[in-house]
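A.B. asks: return atomic coordinates for the entry below.
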Amino acid sequence: MLHFPKWKIATILIVLLVGTILAIPSLMPRATLEQMPGWFPKQTVSLGLDLQGGSHLLLEVDMRKLVSDRLAGVLDETRTALRKANIGYTDLAVRNDRVTLNVRDTGSIETAREQLQPLVGEGMELSADGTRLSIGYSEAGLTQLKQHTVEQSIEIVRRRIDETGTREPTIIRQGEDRIVVQVPGVTDPEHLKKILRSEAKLTFHMVQGPGGAGAVPPTMMDLPEADTGQLLRIEKRPLVEGENLVDAQQSFDQGGLPVVSFKFDSLGARKFGDATSKNVGRRFAIVLDDKIISAPVIRDAILGGSGIISGSFTVESARDLALLLRAGALPAPLTVIEERTVGADLGADSIEAGKRACIIALVGIVVAMVLLYGIFGVFANIALIFNGILILGALSALGATLTLPGIAGIVLTLGMAVDANVLILERVREEMRNGRSAVTSMEFGYREALATIIDANVTTLISTLLLFSFGTGPIKGFAVTLTIGILVSMFTALMFTQLMTSVWLRRTRPKVLPL
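C.D. replies: Numbers count the residues shown, from 1 in each chain. A predicted model of the protein is given here:
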């Protein structure tokens, strides 16, 4: 007990020093932290939705709209392919999530299948029943499409929220086609919903003339202008799509009005340059989510791969549009099916209640340990203080988000942190009653209590790992703080407290331990 290897002392001191340095940023004001040197850690513990306030949204991916749009595209391509091959057909339509048609000439069925086979996308199948052909998603293909769409939607949602400058959002999948979004600190949930629900599907089309008059040809569509509501007839096939955009920024035109400047990648720039070169003097429509936001006349060929989108923008709406274009278009519409807003006042009350709980727990433990175990209780209390510092340091290093259940985990850890010391010191008392010397009693106390301490903590660790594996959101936060607290308390009880006790024994050489 009196001999403590130097390497072990160095290890303990380094862990305490590193933990303290990592914990400091979470206790500093943000402005002060930004002024610290580059080597100084900047990671802090963020407050969760229940502490900071903010918005909780449950979004549902509209798979029916996605499948409908995909099949509408297949229908247009089917019509074009069969006409080019001079194959007669009837009754071409989308029914029951499949593109179906009848081939007039029985002898043309195989030729029609050959023409339509290239249109069968991933996860789709082409089937024939006599003269009737159909293209649609297989069951496995539909499942794969849903999986890919939800994953892509989560990524787009994450990009959009990151573009707003919000820190530490929680974005997770729930079930097959739902996404949970928790954004702490949001003061305008309606603006957040508008940002998330917008598909931001940007396309560029040639304008054929005014719309609303006569039947709309299959290759055309009538869409309203956002400013005037007037219908324009535009080509259904886009010249360029928004997926070719590489950047979009809010800026101002020569008259000082807000606009959105954009830039294409090399493929988009080439397509845009070719289209504008061939159509000088004609109007082209910039379409966002099935609305024409601008329809300028092409004065000259636009060969640089960049341009501007003008309209009745405010600075905020132009900034929002640029944000959406940078983040990318959603593969399918999102519907808000549940919304909860947590006020900052409620979060402040939770923080205050959590502080009171921690302080009361800490004071109660400190007093009890000193009364029960004297100087060794003081050692346990010093270890308890460092226990809290190391927990905060670990959470800061992980960039964790602290929630109310997380505070509960910390409070529970404070009580559990002295369990090991209680087991050790009670065993030391028992050895002293059996007539052993002070140093020998302390050695036996640490050695004999070790198995019980490890057994108790490993059992709790198993429980927390199960909570983390099967829980979500706040339950995981509770499991994380409790797991870190258990590991830290074992370190402080079995190593740091033992080091302090060893130093005290070497200096005082007591005949009887003051327990």
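A.B. asks: give me the number of residues near the spatially closest residue to E163 that is not a sequence neighbour?
C.D. replies: Leaving aside its chain neighbours, E163 sits nearest to L323 (4.6 Å; criterion: C-beta to C-beta, 6 or more residues apart in numbering). Just so you know, the C-beta spots here come from the backbone N, C-alpha and C atoms, and that holds for glycine as well. The tally of other residues near L323 (other C-beta atoms under 10 Å) stands at 21.
A.B. asks: equivalent analysis for S127, please.
C.D. replies: S127, neighbours per other C-beta under 10 Å, totals 13.
A.B. asks: contacts for the helix or strand containing it?
C.D. replies: Element membership of S127 [criterion: DSSP states H and E] is strand 124-129. Outside of strand 124-129, the residues within contact range by C-beta atoms under 8 Å, 6 or more residues apart in numbering are 74, 109, 113, 116-117, 120, 133-138, 141.
A.B. asks: which residue ranges of the stretch 251-400 of the chain form strands?
C.D. replies: 258-264, 284-288, 291-294, 306-309, 334-342 (DSSP state E, counting those that start in this stretch).
A.B. asks: buried deepest among these, which one?
C.D. replies: Highest mean neighbour count among the strands of the stretch 251-400 of the chain (mean count of other C-beta atoms under 10 Å): strand 284-288, with a mean of 23.
A.B. asks: what's the angle between that one and strand 258-264?
C.D. replies: Orientation of strand 284-288 against strand 258-264 (axes from the mean of the first three to the mean of the last three C-alpha atoms, to 10 degrees) gives an angle of 100 degrees.
A.B. asks: can I get the strands of the stretch 251-400 of the chain in TSV including mean pLDDT and distance to F272?
C.D. replies: Converted to TSV, the strands of the stretch 251-400 of the chain look like this (pLDDT from 0 to 100; distance: least, C-beta to C-beta, whole Å):
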stretch	mean pLDDT	distance to F272
strand 258-264	86	6
strand 284-288	86	10
strand 291-294	85	15
strand 306-309	82	8
strand 334-342	83	29
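A.B. asks: closest to H3 out of those strands?
C.D. replies: strand 334-342 (54.7 Å; C-beta to C-beta).
A.B. asks: just how off-centre is the closest one within its chain?
C.D. replies: 16 Å (C-alpha atoms, centre = their mean, to the nearest Å).
A.B. asks: what's the longest helix in this structure?
C.D. replies: helix 438-470 (DSSP state H).
A.B. asks: what residues of it count as buried?
C.D. replies: Neighbour counts over helix 438-470 (16 or more other C-beta atoms under 10 Å) mark 438-439, 441-446, 449, 453, 456-457, 460-461, 464, 467-468 as buried.
A.B. asks: what is the mean pLDDT for it?
C.D. replies: The average pLDDT for helix 438-470 rounds to 87.
A.B. asks: offset the numbering so it begins at 3, please.
C.D. replies: Understood, numbering begins at 3; the last thing we discussed is helix 440-472.
A.B. asks: show me what secondary structure element comes after it.
C.D. replies: Next element after helix 440-472 (DSSP H and E): helix 476-493.
A.B. asks: got a list of contacts for that following helix?
C.D. replies: So helix 476-493 is in contact with 17, 50, 52, 389, 392-393, 396-397, 400, 402-412, 414-415, 418-419, 421-422, 455-456, 459, 462-463, 466-467, 469-470, 473, going by C-beta under 8 Å, 6+ apart.
A.B. asks: which among those residues end up buried?
C.D. replies: Among the contacts of helix 476-493, those classed as buried by 16+ other C-beta under 10 Å are 17, 50, 52, 389, 392-393, 396-397, 402-412, 414-415, 418-419, 421-422, 455, 459, 462-463, 466, 469-470.
A.B. asks: from the residues you listed, which land in helices?
C.D. replies: Per DSSP H, these map to helices at 17, 52, 389, 392-393, 396-397, 406-412, 414-415, 418-419, 421-422, 455, 459, 462-463, 466, 469-470.
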